[in-house]
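**Student:** Model the structure of this input:
(chains A, B, C and D, ligands or ions: 6)
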Amino acid sequence: MSAVCSLFQLHDESREYGMGDYEGAQARWCPGCGDHSVLSATQRLLARENLPPEKTVFVSGIGCSSRFPHYINTYGFHGVHGRALPVATGVKLHRPDLHVFVVMGDGDCISIGAGHWIHAIRYNVDMVALLLDNEIYGLTKMQTSPTTPQGYVTNTQPRGSYLPPMNPIEATLGVTNASFVAQTAEWVPAHMLATMEAAYRHPGFSFVRILQRCPHFTDDLFGELPKHPERVQLLVHEHGIDLEALEGRFPNRLAHDPADLDEARRLAEDASVIRLGVFFRDDSRPRYEETRHLPAYTAPEKLELLERELDRYAV
Amino acid sequence: MSAVCSLFQLHDESREYGMGDYEGAQARWCPGCGDHSVLSATQRLLARENLPPEKTVFVSGIGCSSRFPHYINTYGFHGVHGRALPVATGVKLHRPDLHVFVVMGDGDCISIGAGHWIHAIRYNVDMVALLLDNEIYGLTKMQTSPTTPQGYVTNTQPRGSYLPPMNPIEATLGVTNASFVAQTAEWVPAHMLATMEAAYRHPGFSFVRILQRCPHFTDDLFGELPKHPERVQLLVHEHGIDLEALEGRFPNRLAHDPADLDEARRLAEDASVIRLGVFFRDDSRPRYEETRHLPAYTAPEKLELLERELDRYAV
Amino acid sequence: MSTRLPVVGDDPVFSAEQPSSPRVLERAQYTVEVVSDSGEGAQSCGQILGTVSAKMGNGVWTVEIIPAEVQPPPRNPAGASGNRVRIGSGPVTNWGDRTDLIVAFNEQALLARHRLDALEPGAVILIESMWQDHDDEGIRAEWSAAMEELGAAGYRIIHVPAHEQCLALTENPYLGKNMFMLGILTELFDRDTALIGAQIRHRFRKKDESVAERSIDLLELGIAWARENLDFRVSVPPVPGDRDMVVMNGNQAVALGAVAAGMELAAMYPITPATSVSHQLGEMFERFGGIVHQAEDEIAAAGVAIGASYAGKTAFTITSGPGLALKTEFLGLAVMTETPLVLVDVQRGGPSTGLPTKVEQSDLLAAIFGQPGDAPHVVLAPATIEECFHVMVTARRIAETFRALVIVLSDANLATGVQPFPRPELDQAWIASAPDQSPVPEGKAPYAWDEQTGLSQRFIPGQPGGMFTVTGLAHDERSKVAYTSDINQWSSAMRSRKIAVLGQTLRPPSLNGDDAGDLLIVGWGSTKGAIEEAVARARDEGLSVSSLHLTFLSPLEPGLAEIFSRFQKVMTVEINYSDEPDGPFVTHQNRRRGQLSWLLRAQTLVDVDCWTRVLGEPLRPGAILEVIRSNCGAGGER
Amino acid sequence: MSTRLPVVGDDPVFSAEQPSSPRVLERAQYTVEVVSDSGEGAQSCGQILGTVSAKMGNGVWTVEIIPAEVQPPPRNPAGASGNRVRIGSGPVTNWGDRTDLIVAFNEQALLARHRLDALEPGAVILIESMWQDHDDEGIRAEWSAAMEELGAAGYRIIHVPAHEQCLALTENPYLGKNMFMLGILTELFDRDTALIGAQIRHRFRKKDESVAERSIDLLELGIAWARENLDFRVSVPPVPGDRDMVVMNGNQAVALGAVAAGMELAAMYPITPATSVSHQLGEMFERFGGIVHQAEDEIAAAGVAIGASYAGKTAFTITSGPGLALKTEFLGLAVMTETPLVLVDVQRGGPSTGLPTKVEQSDLLAAIFGQPGDAPHVVLAPATIEECFHVMVTARRIAETFRALVIVLSDANLATGVQPFPRPELDQAWIASAPDQSPVPEGKAPYAWDEQTGLSQRFIPGQPGGMFTVTGLAHDERSKVAYTSDINQWSSAMRSRKIAVLGQTLRPPSLNGDDAGDLLIVGWGSTKGAIEEAVARARDEGLSVSSLHLTFLSPLEPGLAEIFSRFQKVMTVEINYSDEPDGPFVTHQNRRRGQLSWLLRAQTLVDVDCWTRVLGEPLRPGAILEVIRSNCGAGGER
Ligand SMILES: Cc1ncc(C[n+]2csc(CCOP(=O)(O)OP(=O)(O)O)c2C)c(N)n1
Ligand SMILES: Cc1ncc(C[n+]2csc(CCOP(=O)(O)OP(=O)(O)O)c2C)c(N)n1
Ligand code: SF4
Ligand code: SF4
Ligand SMILES: [Mg+2]
Ligand SMILES: [Mg+2]
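**Tutor:** Ligands and ions are numbered 1, 2, ... in the order given. Model (predicted):
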């Protein structure tokens, strides 16, 4: 890390943060909304990792889920719909000292934000991207999203959504330079926390799809699932996630080595069961922000350099 | 096809078109540019399929390759950078009688157009999408594109392009509802023509990546390849492409059943050899434009229906 | 969905008993609000009251009260959700000033309205009383604090034990209380119970029949409670007109208008407050052969609409401010390629995400000037809900005749406001004709611009002999890329000339009030009703004021300078931002002005002043009246 | 890339022979063009002539002649590629009117220039003669036809057997002919051969040494040919100034200015004519700790710049019209969140893809008004290449001081024009200071707007105690989402007030010419040189005309109405579209006017007329002079 950055690193390393340190404004999501539980898990993660609130930035787009930064006591950037990833990239590029998290809805990330999403996977800038996937447009009141199941009735497609849903895990795995791809569900908080933790610790762009209940509009999609652990299969591995605590509750488990991309794709493709866990990870992929080698000149040194540059144009 | 559409079908079915019927303005590409050979192959395809010029529409974005429609004598729409696919979707949605082709550059389709590209694959509207991939920004004079090889020197990344290139075939195969994915090279005209023909005959969105030489800026990328058939592997299959004529020239051949998605992905991922052929095809995927059932009422009938609609709001 | 009308007028559920004889307040117009937490149904309670009042022949204007979140935490001022219904004997053209009577499901929602200065001093408040003695101490404290805050304002506060009453019929009064409250209003305003019942049945038509029945029981309970407990009634006698009327909101009107115009494709991406147009169309459009295309983003929606239009189908795209921003590049393409395109912008508060559910009129200049390069096009604004219907026909025709981009500026006030208007007399000529597929005569150019008018006849794919390539590059009349310098000057002139020609077909706007006087108020869009009401009241006070409302903003309607010259002072009234003339550092020259006033100044060179507010709510006629009072006879702005 | 200056002045390659004594034309200024097919190197021939002339102390203005395609078919008027170099004894501020001497590699490129009216009647033409007797009959016919077309214009046509001559030294004269032609120009203009040689060496520094050597041989061949065959020489004696000068084009100046301003991130997506700024920075920015980020599209580029700026780094984004359109939504966010942002728009012809390589000034209104909602911000336009450098420092400082969006409007004329200007005296104070990372005092709000100025101190991630969430929703001073109506009015006022404050710090513009008179020409951006030259010529003719050039377009510089009042007539001269006042259907009221004139009318209420052209080329001073002549003493526009 260069000298320029050291400027940003003066903080009291000794301080211990608790959950309370991350409490923001009262969350204004519907009662029972899965976003509440993502928020708690995130606050727990921050406390566990002892991240200074002033060194942590949550960037989001627009949507129910994108209100997230308002409800957590860190720096936050609640931007425009679909464009959280470019903003987060800008934040991180020059500030490697900041811990950057991105919170997006399915419409936000996969519909209007699709181009940025594909490219952010490829840039592989070190940040955690959370896709809060309720398979519907929440804030604008129940329109089809790219992940809405085929046939599901919405306000814009009242005869049932026309197409098979996009599979965000499969698509992410198709992008060259993908480096961390996982799926979890907010109604399995321990798994969600473990997944976020693995994502946070992964050096590079960590994409985590969180299946998220929206009781207000799509209670029938995930609402019943917490009662049916048998419809879930946990992908377990020492380089992925393997929580003993969950063993009893989720009997359906599959050993999957996250280094195996082909298998990851095969598993992602098969929609017969909901799989939670790390599909793929490769900590060695090149990271965009590391491709630059920025010297840390002082202002007078820069001026001197610039004089040399101007010499080239001298008459 | 509904009665509304029959309106658009009055043309002289008996007429036979020749190559000359498709000749547009003089092409203004650089000498030796691969776009010239794509143009000839396309004109040949049109003649072979006997497509009436007035029933054929070429839609493009902006770039060297996107000048294409100007040089072919059909209807053409040379739109804005990155947005050819939405325009083409609009053309086709209500006009199933038209034959729609889309011509895009790699920057056009994969960089600025990435969101539309991903979604067009999913919509699976019946059209042929040609990606003229010269792995560089041609028209704007040699900037890195998402498909530029890592380390390759360009004007915006003069120390060598920073990241591994995006693999368009792999990414396309990752999108749910992909239905036809193929790769060809403009310096193998017979293969290109056969691929385009298969693409044209496929009901749905056919994505064809055409490796394209840009002698002006990136002669070192594909310039030598025509002389090295051994660096090319042909994927052959009765449901894909299998040209006896090429057998002698391209000894490296692999039988690949385009129905096998997993294998397609594996083949796409492996960059050790340049593979030409149909990676994947599934003619049965749902097509967006077929999800609508549009009755063909006359104007008076529509008015009558609308009166009934207004009744619901009557005071 | 069934298109059968609910059966009205002979419903046997309601008894015919006469009410006792309380004091009856006779009013020409009266404003009622119903507010609750979201999910408690104040919205539908207010909507039914409004609809039934319209059906009974009253003038009505309904405004939604919408929180920014889907279901914000309960009992919170920022979460108030509901409806405001202004009922009149004659036509009601706007939401009015303040509310005369409010039904509140909790005191926090009530407080929100009080703090927004929504309530008339002395207004009647019907407040659910369950919170007063709630188990939760905190709630009791909140109640007391609220009552104290409200106490000072001199309202007449009536406690309604709605929860307690409803418990007799339902286990969960949160879900039925709105029907009880509707019963109270039914009784208070002497609404036709059969019509009310029919509305309830229609609302629950997709649910089990028992739901509607229980609702009607709760309604009756409310009626009975009001009969026994309330000592007043309000009478706003309808003045029945002689025309068939329909009642709907502005977005419904846009949707139906699009169908009446023969539109065939609505390409959109969800965005408040525009989305409900597509919900409306989603239900019905296919039956007319139309497609609602929800695109992956606003850019694609514009592209799909342009593609369809290019292919000979009539297409429009609908959005709000942030989406308008995203479509900017494609709008330039539509202008350059002369592809007909209608864009409806249902304006909300800006800039950026701004106030997504609230009204503003601040996209005017962006709509006219937002496109880089010179991109002449048409901008129109409907002023009433009726105009929301008809503007679609006008817009489509202009777009096709002039091969033009037409932007229609609606706003959140029109989008969600509900008002009766004369039933449109549908006309077959409104419907787009089938695209020309005849062969193109040899030698004809795709932009054979008429030198005088800039007009030309477009070629549509499928027309033999018409093959050419549309391009966003500068091009000549054969659509060939321009390589010489004069072609750009010439083709620019051709694109501009069309707009001048359209301008010549417009009539000078007519005045509301005298042809000359002290003050002329100029408005555009949804403020018409409020401005005209204020002007009428001011004229009643003897003030010399008139008003003028513009529908065409680009090109502007002709004759404005001449009209303005007949008034001592001209000012616009708009819902967008302007610096206060006496703000710090603000001078007469550098003042940032209301968007229309700015446009008018440039065109007429008249010193057009402005009064604008961005309060996230429609303008109140009373506030405009104040402005008129202080500007009448006050002379120019300097 | 080496930063070593090429060695000059003592190069042994050139012989010291005296030229014979031809006729010498003494000129204060002279314009030369070199045109060829693209790839034949007329560009570098012209560039070297320009650079060396500047180094010798001449005033210079160089303009690129660029075809729309990378390498269009040869021998085609639309494919002409090259350079136009105007050389003067004193400073040269614009490209001038017409060319005095043209070197053409084929007669089709020459025809293109003739048809664009680029050549002075009687101009000297040096034409490669190989086509006259070409083997291809078609080519011979084209040559004859061209000569016929050119014959009528009275040029002095000199045949140059360049191809034939070059064959003596190279097998492929297409690749070396430009050096031969450069030799001819070197001799004609008596250029310093050592400087020329050094430029050639620099150009080929990445190639094998033999390439430069062969080029220098060809140069010498050209010199020798000219000595023997040309009967005239042109003398434009330099008037050496006393200041150090640098010579570069406007995009290079923007890039270097960005570095001088301490910028740390340039986020962009390639687009002509803006891209070369990033090429320039791509080479050097990292050395200064800066990053060029080529984003996936223009929207992302804006987002990345905003993100970096939010995180305390100084960032800008650079684009042209279509990219400006795409960034519109993010610009609104920058304004709403008060995130400092500099956007450079290198304008090209519009609308839509328009004329990608050609100049236009038609993004002005889109830059100011393009963002939906009320989005007050700053718009600046450099008028010279020197200003392209300094504007970056100004823009960065305003952006940070006012937490503002600053749009800088350059254009294709500045971007590719090359001109010497005084070497900037770099100042450490120009460089952005390191972001504040000190703890935020308790109770301080992230938008603690000063009521008088609207200014506030931003918090930067990393500052302990400053945690808050930036939002594009309407918000209060703590950045909390606004739920009451007055907050929006108030925060809108705060964002607007900043602009008024900035306006108060500006000085009234100074006049070029007398303080009062018959006619005032008002301009902005790259037209300054041409306007001032035209005014000077008109004043020499005794006409009472002055001019005024605006740098700040939003807010406008103060005092305009007062200044305008001192002139009989005020008109703008701009490179954007306006209806001709006497065009069909055009009236004084509905006329679509030049963009600046429109702005000035609204602000000053003065009847500001305009003369504008969109010919895809810079304005010619002679054309402006004509306008002055016909408007001086002509009174108002009506
Ligand atoms: C440019 C733009 N387009 C559209 C919108 C309207 N909008 C707000 S949130 C949203 C989608 C919400 O769905 P999702 O992203 O899935 O988030 P959720 O609310 O379900 O968490 C849309 C379309 C907007 N604010 N800006
Ligand atoms: C909105 C917009 N952004 C950028 C450009 C500039 N531009 C034109 S073509 C192009 C990319 C060309 O590369 P590619 O798409 O690969 O096509 P090629 O020229 O290589 O065929 C760019 C960036 C533009 N015209 N419009
Ligand atoms: S609408 Fe759905 S996603 Fe949004 S807050 Fe409510 S439950 Fe959550
Ligand atoms: S620059 Fe490259 S892609 Fe463009 S026309 Fe020339 S060779 Fe073809
Ligand atoms: Mg969602
Ligand atoms: Mg390319």
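**Student:** ranges for the strands of chain A?
**Tutor:** A:56-60, A:75-78, A:99-105, A:127-133, A:180-185, A:205-211, A:232-236, A:253-255, A:274-281 (DSSP state E).
**Student:** where does chain A come near chain C, residue by residue?
**Tutor:** With C-beta under 8 Å from any C-beta of the partner chain as the criterion, chain A meets chain C at residues A:26-31, A:62, A:64, A:67, A:80-82, A:107, A:111-112, A:114, A:137-141, A:143-144, A:146, A:155-159, A:216-217. Bear in mind the C-beta positions are built from the backbone N, C-alpha and C, glycine included.
**Student:** Buried ones only from those residues, please, as a ChimeraX command.
**Tutor:** The command below creates a ChimeraX selection of those among those that count as buried (16 or more other C-beta atoms under 10 Å in any protein chain shown):
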select /A:27,28,29,30,62,64,67,80,81,82,107,111,112,114,137,138,139,140,141,143,144,146,155,156,157,158,216,217
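**Student:** list the contacts for residue 211?
**Tutor:** You didn't pick a chain, so chain A it is. By C-beta atoms under 8 Å, 6 or more residues apart in numbering or on different chains, the contact set of A:Leu211 is A:Gly34, A:Asp133, A:Gln183, A:Thr184, A:Ala185, A:Glu186, A:Trp187, A:Phe222, A:Leu225, A:Ile274.
**Student:** look at chain C instead
**Tutor:** C:Phe204 are the contacts of C:Val211 under C-beta under 8 Å, 6+ apart.
**Student:** Could I get the full set of helices for chain A?
**Tutor:** Applying DSSP state H to chain A gives helices spanning A:3-6, A:34-49, A:84-93, A:106, A:114-123, A:168-173, A:189-201, A:215-222, A:244-247, A:261-269, A:299-311.
**Student:** From the contacts of A:Leu211, pick the one nearest ligand 1.
**Tutor:** Comparing the contacts of A:Leu211 against ligand 1 with C-beta to the nearest ligand atom places A:Asp133 closest, at 7.6 Å.
**Student:** If I look at that closest one, what pLDDT would I see?
**Tutor:** Looking at A:Asp133, its pLDDT stands at 98.
**Student:** Would you agree it is in contact with A:Gly107?
**Tutor:** No: look at A:Asp133 against A:Gly107 with C-beta atoms under 8 Å: they stay out of range, at 9.8 Å.
**Student:** residues in contact with C:Ala267?
**Tutor:** Taking C-beta under 8 Å, 6+ apart, we find C:Ala267 in contact with B:Gly90, C:His293, C:Ala295, C:Ala300, C:Ala301, C:Ala302, C:Val304, C:Ala305, C:Ala308, C:Ala315, C:Phe316, C:Thr317.
**Student:** rerun at 10 Å
**Tutor:** B:86, B:89-90, B:93, C:278, C:291-295, C:298, C:300-309, C:315-319 (C-beta atoms under 10 Å, 6 or more residues apart in numbering or on different chains).
**Student:** The nearest residue to C:Asp37 once chain neighbours are set aside in helix, strand or coil?
**Tutor:** Leaving aside its chain neighbours, C:Asp37 sits nearest to C:Pro74 (4.6 Å; criterion: C-beta to C-beta, 6 or more residues apart in numbering or on different chains). Counting by DSSP: H, G, I helix; E, B strand; the rest coil, the backbone at C:Pro74 sits in coil.
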